[in-house]
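Peer 1: Predicted coordinates and the sequence they were generated for:
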Amino acid sequence: MSARRFSLARVLAIFIKEVQQMLRDRPTFAMAVGVPILQLLLFGYAINTDPKGLPTAVVTQDRGPMARSLVAAMEQSGYFRIQARPASEREGDALVEDGEVQFLIVIPPDFSRRVVRGEQPAVLVSVDATDPSASSNALAALAQLGAQALRRDLVGALAAEAARMPFEWRIHRRYNPEGLSRYNIVPGLIGTILTMTMVMLTGLAMTRERERGTMENLLATPVRPLEVMIGKILPYIVLGYVQLGVILLAAALLFEIPMAGSFALLLAMIGVFMLANLAVGFTFSTLAKNQLQALQATFFFFLPSMLLSGFMFPFRGMPRWAQVIGEALPLTHFLRIVRGIMLKGNGFGQLVPELWPMLVFLLVAGTIALMRYRQTLD
C-alpha cells in the first residue's frame with residue numbers, strides 16, 4: 001500500500017538521477033546554456049536597426065563654399081561616411097553597382113552660384129536600395145539637412161533663401177525604385193532556407209547511422225571517407241535545387257521579384273553555397289553523438305548566420321566585431337551574390353570578391369569533416 005502513495009523521496013531520487021544524467025551529457029548542457037548567452041550578445045550588442053557611417057561616394061562638380069558645407073553637414077549627421085571621391089558620375093555608379101558604397105552624391109556644377117540666385121539646383125542622391133531598411137533612416141536625415149547645411153553661408157542678403165529649401169534632393173533608389181522590402185527578403189530566403197535544411201539534414205546523416213546500428217555495415221565496406229562524404233552529400237544537393245526551384249517560382253509568380261542577371265550563374269553560385277553548408281552539416285554529424293546534439297549544433301550555427309549575415313538586420317549597422325564574425329559565414333557572402341545577380345544583374349567578375357570566401361570556408365569545413373570521420377566505432 002505504501003508503494004502506491006505519492007513519495008517526495010522517490011521524486012527527489014528521480015530528480016537527482018536526471019540532474020546527473022543532464023550534467024553527464026556535456027554537449028547538450030553546454031548548448032542549453034550557450035544558446036541564451038549567444039542570443040543576449042547578438043540582440044543586445046550586434047543588432048542595430050539604425051545603421052550609421054554608411055559608405056558614401058561624392059562627385060563634386062562645384063568647388064564653391066556651399067558645396068563644401070553640404071558635404072561637411074552630411075558627414076556630421078553621422079549617417080554618411082565619405083570614403084570615395086570618384087572623378088565622374090559613371091565611376092560612382094560602378095562603386096554602387098559593386099556594393100562598395102551605399103550612396104552616391106552628385107553635386108552639380110555651379111551649385112553655389114545657383115543657390116545664391118535662388119534657382120534651387122538638384123543634388124542627385126543615388127542609393128543602393130536592395131535593402132531598404134539599411135538606407136531609410138539616412139534618407140530621412142537628408143530632409144533635415146536642407147537649410148541647416150547652408151545656414152552659415154546664407155546670411156545677410158541671402159537670409160531669405162535660408163527660409164526655404166535652397167536646393168532639391170533628387171533621390172534615385174537603384175535596383176528597387178519603390179523601396180519594396182520583399183525585393184530584399186525573398187532573395188535572402190533562398191540562402192536562409194538552404195542553410196537551415198542543408199546543415200540540419202546532413203548533420204543527421206552520420207548520427208542516424210550510429211543510432212540505427214548501421215554504422216558497422218558501412219565501416220565494414222571498403223568505402224573511403226571522401227566517398228562516404230560525397231555519397232551522403234549528393235542527395236541533399238538535388239534536394240536543395242528542388243527547394244530552389246520552388247522558391248524561385250514563388251518569387252516570380254507571387255512576389256514579382258526580377259531576375260536581372262544570369263540564371264545559370266545563379267545556379268552555379270548556389271551550388272557552391274550548398275556545398276559549404278553541407279560540409280558544415282557533415283562536420284556536425286561527426287562531432288555529435290546523437291541526433292539531438294546534431295540538431296542543437298545546427299541551431300547554434302544557424303542563429304548567428306541568420307542574424308549577422310544582413311538578412312534580418314542591416315549588415316553595415318552592426319559593430320565591427322560582429323561584422324568580422326559575419327564575414328566568416330557563407331550566408332553573408334551568398335546574400336550579396338544572390339541579390340547582386342537577381343536585382344543588379346552582376347556578372348561573374350563582380351561576384352569574385354564574395355565567391356572566394358565561400359570557397360575557403362568550403363575547403364576548411366570539408367577538411368575538418370574528413371579529419372573527424374572515423375574508420376572505427378571507437
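Peer 2: Received, thanks. Remember, it's a predicted structure, so these values are computed and weren't measured experimentally. Numbers count the residues shown, from 1 in each chain.
Peer 1: where in the stretch 251-378 of the chain is pLDDT low?
Peer 2: Per-residue confidence for the stretch 251-378 of the chain (pLDDT under 70) gives these ranges: 374-378.
Peer 1: let's see it at 80
Peer 2: Within the stretch 251-378 of the chain, the segments meeting pLDDT under 80 span 286-290, 292-293, 296, 370, 372-378.
Peer 1: So which residues of it form helices?
Peer 2: 263-287, 291-308, 320-327, 330-339, 348-372 (DSSP state H, counting those that start in this stretch).
Peer 1: Please indicate which of those helices has the most neighbours on average?
Peer 2: helix 330-339 (a mean of 25; mean count of other C-beta atoms under 10 Å). Placement of C-beta: from N, CA and C, glycine included.
Peer 1: Which secondary structure elements does that one sit against?
Peer 2: Applying 3 or more C-beta pairs under 8 Å, 6 or more residues apart in numbering; DSSP states H and E, one finds that helix 330-339 contacts helix 182-212, helix 263-287, helix 291-308, helix 348-372.
Peer 1: Using CSV, please lay out these together with distance to residue 85.
Peer 2: Listed next are those as CSV, based on distance: least, C-beta to C-beta, whole Å:
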stretch, distance to residue 85
helix 182-212, 28
helix 263-287, 32
helix 291-308, 31
helix 348-372, 22
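Peer 1: right, so of these, which gets closest to residue 142?
Peer 2: Residue 142 lies closest, by C-beta to C-beta, to one member of those: helix 182-212, at 20.7 Å.
Peer 1: other SSEs contacting that closest one?
Peer 2: On a contact count with 3+ C-beta pairs under 8 Å, 6+ apart, helix 182-212 meets helix 132-142, helix 215-219, helix 225-253, helix 263-287, helix 291-308, helix 330-339.
Peer 1: could I get these as CSV with distance to residue 360?
Peer 2: Converted to CSV, those look like this (distance: least, C-beta to C-beta, whole Å):
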stretch, distance to residue 360
helix 132-142, 26
helix 215-219, 30
helix 225-253, 18
helix 263-287, 9
helix 291-308, 16
helix 330-339, 10
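Peer 1: Residue 351 is nearest to which of those helices?
Peer 2: Comparing those under C-beta to C-beta, the one sitting nearest is helix 330-339, at 5.4 Å.
Peer 1: Give me the distance between stretch 270-281 and the centre of its chain.
Peer 2: Its chain's average C-alpha position is 16 Å from that of stretch 270-281, according to C-alpha atoms, centre = their mean, to the nearest Å.
Peer 1: The helices and strands packed on helix 330-339: which one's closest to residue 4?
Peer 2: Closest approach to residue 4 among the helices and strands packed on helix 330-339 is made by helix 291-308 (34.1 Å; C-beta to C-beta).
Peer 1: Can you give the contact residues for the closest one?
Peer 2: With C-beta atoms under 8 Å, 6 or more residues apart in numbering as the contact definition, helix 291-308 has outside contacts at 27-28, 31, 34-35, 38-39, 42-43, 46-47, 192, 195-196, 199-200, 203-204, 207-208, 211, 280-281, 284-285, 287-288, 312-313, 315, 318, 322-323, 325-326, 329-332.
Peer 1: closest to residue 56 out of the helices and strands packed on helix 182-212?
Peer 2: helix 132-142 (8.9 Å).
Peer 1: Please save the CA atoms from that closest one in CSV.
Peer 2: Only the C-alpha atoms of helix 132-142 are listed here, as CSV (Å, rounded to 0.1, in the frame of the first residue of the first chain):
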residue,chain,number,x,y,z
PRO,A,132,15.5,49.5,-47.9
SER,A,133,15.9,49.3,-44.2
ALA,A,134,19.6,50.0,-44.4
SER,A,135,19.1,53.4,-46.1
SER,A,136,15.6,54.6,-45.0
ASN,A,137,16.9,56.5,-41.9
ALA,A,138,19.7,58.0,-43.8
LEU,A,139,17.4,59.3,-46.5
ALA,A,140,15.1,60.7,-43.8
ALA,A,141,18.0,62.6,-42.3
LEU,A,142,18.7,64.2,-45.7
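Peer 1: Could you check how far it is from the centre of its chain?
Peer 2: Remark: helix 132-142 is offset 19 Å from the chain centroid, using C-alpha atoms, centre = their mean.
Peer 1: Tell me which helix or strand the closest residue in space to residue 111 that isn't next to it in sequence sits in.
Peer 2: Using C-beta to C-beta, 6 or more residues apart in numbering and skipping the chain neighbours, the partner closest in space to residue 111 is residue 62 (3.9 Å). Counting by DSSP states H and E, there is no helix or strand that carries residue 62.
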